[in-house]
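# no sequence for this one, just the structure:
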């Protein structure tokens with residue numbers, strides 16, 4: 001073997017060792033510091049806190065009451081996939097009850113409702129709180145899936161029970177399939193006071209698919225009209241890592 005051949009052989013062996021070493025180091029780094037998949041970890045970033053706009057109680061007329069709270073996310077580029085909250089209720093005898101729950105709020109959401117159903121009417125609403133120790137997820141509000149409702153009507157269902165019902169059609173106008181879509185109905189009277197709330201979940205809605213749905217009440221919602229009925233439809237895309245990455249890579253001008 002000539003000296004030039006020996007040098008080439010040594011160079012090849014050294015390159016193989018360097019490649020193996022680099023691969024091992026890369027795997028160690030990836031395991032110790034995995035990609036954050038949109039989770040904001042830079043403590044230098046400052047998000048505005050989730051705001052509580054207002055809250056209230058609805059007497060159902062059967063010794064039961066529903067409670068609601070309206071919250072707002074002033075951040076257009078960040079949302080929260082897991083938002084902890086508490087309704088604080090109190091009876092006239094001083095007995096206090098905290099009803100805790102979890103929800104989500106999308107970037108730039110101006111009107112997000114949180115609901116608590118069928119509690120004893122003996123309770124009054126003392127307050128509503130949010131755990132502001134939040135894990136923010138980076139996503140622009142301009143690339144959120146486009147969801148819409150149409151043909152909303154109110155009346156009485158022909159099904160057994162003849163319950164007061166809101167009828168509507170949901171359309172997934174986005175380019176992605178959605179596993180869970182949360183639907184919230186808010187009914188108001190002519191004075192803009194909330195007189196009825198309801199919530200349901202629609203599963204596995206494909207892109208461009210439309211789905212009819214109904215939401216029923218055990219009690220009549222007196223003063224309700226379809227003109228004062230608002231339907232809010234959202235999907236917690238912040239909790240789906242693969243979908244979140246796809247949305248993060250969507251150019252805003254494509255929307």
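Cool, the structure landed. Quantities reported herein were computed from a predicted structural model and do not represent experimental measurements.
# residues contacting the closest residue to residue 194 other than its chain neighbours?
Leaving out its chain neighbours, the residue that sits closest to residue 194 by Cβ to Cβ, 6 or more residues apart in numbering is residue 188, at 5.6 Å. In short, each C-beta sits where N, CA and C put it, glycine included. Shown in contact with residue 188 (Cβ atoms under 8 Å, 6 or more residues apart in numbering): 194, 195, 228, 229, 230.
# got it, and residue 178?
145, 147, 172, 204, 205, 235, 237 are the contacts of residue 178 under Cβ under 8 Å, 6+ apart.
# just residue 165 next, same as before
Counting by Cβ under 8 Å, 6+ apart, residue 165 has contacts 154, 155, 156, 157, 214, 215, 216, 217.
# wait, which of these is closest to residue 59?
Proximity of the contacts of residue 165 to residue 59 (Cβ to Cβ) peaks at residue 217, which lies at 13.0 Å.
# And that closest one, what's its pLDDT?
Looking at residue 217, its pLDDT stands at 92.
# Okay, it and residue 148: tell me how far apart.
Distance, residue 217 to residue 148, using Cβ to Cβ, to the nearest Å: 24 Å.
# quick one: which of those two has more around it?
The neighbour count for residue 217 versus residue 148, taken as other Cβ atoms under 10 Å, is higher for residue 217 (19 against 13).
# For ChimeraX, write the select line for the buried members of the contacts of residue 188.
To isolate the buried members of the contacts of residue 188 in ChimeraX, using 16 or more other Cβ atoms under 10 Å:
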select :194,195,228,229
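# What about the contacts of residue 188, which are in strands?
194, 195, 229, 230 (DSSP state E).
# Tell me which two of those residues sit farthest apart.
Longest span within those, Cβ to Cβ: 195 and 230, 12.2 Å.
# rewinding a little: reformat the ones in strands among the contacts of residue 188 as a markdown table; add distance to residue 222 and pLDDT.
Below are the ones in strands among the contacts of residue 188 laid out as a markdown table (distance: Cβ to Cβ, whole Å; pLDDT from 0 to 100):
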| residue | distance to residue 222 | pLDDT |
| --- | --- | --- |
| 194 | 13 | 97 |
| 195 | 7 | 96 |
| 229 | 14 | 95 |
| 230 | 18 | 96 |
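# Turn those into JSON lines, columns for distance to residue 66.
Below are the ones in strands among the contacts of residue 188 laid out as JSON lines (distance: Cβ to Cβ, whole Å):
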{"residue": "194", "distance to residue 66": "9"}
{"residue": "195", "distance to residue 66": "10"}
{"residue": "229", "distance to residue 66": "16"}
{"residue": "230", "distance to residue 66": "16"}
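# Tell me how far stretch 156-175 lies from the chain's centre.
Distance, stretch centre to chain centre, for stretch 156-175: 21 Å (Cα atoms, centre = their mean, to the nearest Å).
# where along the protein do the helices fall?
3-32, 241-248 (DSSP state H).
# Can you tell me which of the ones you listed has the worst average pLDDT?
When I compare those, helix 3-32 is least confident, with a mean of 61.
# which intervals of this protein have sub-threshold pLDDT?
Scanning the chain for pLDDT under 70 picks out 1-45, 160-162, 248-255.
# try 80
Scanning the chain for pLDDT under 80 picks out 1-46, 157-162, 241-255.
# Break it into its domains for me.
51-138, 146-234 (automatic domain parsing).
# export those to CSV and tack on distance to residue 241?
Supplementary listing: those in CSV, determined by distance: least, Cβ to Cβ, whole Å:
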stretch, distance to residue 241
domain 51-138, 10
domain 146-234, 13
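# so which of those comes closest to residue 247?
domain 146-234 (7.5 Å).
# got the contacts of residue 165 as a markdown table, with distance to residue 53 columns?
Formatted as a markdown table, the contacts of residue 165 follow (distance: Cβ to Cβ, whole Å):
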| residue | distance to residue 53 |
| --- | --- |
| 154 | 25 |
| 155 | 30 |
| 156 | 32 |
| 157 | 32 |
| 214 | 28 |
| 215 | 23 |
| 216 | 27 |
| 217 | 24 |
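# Good, we can wrap up now.
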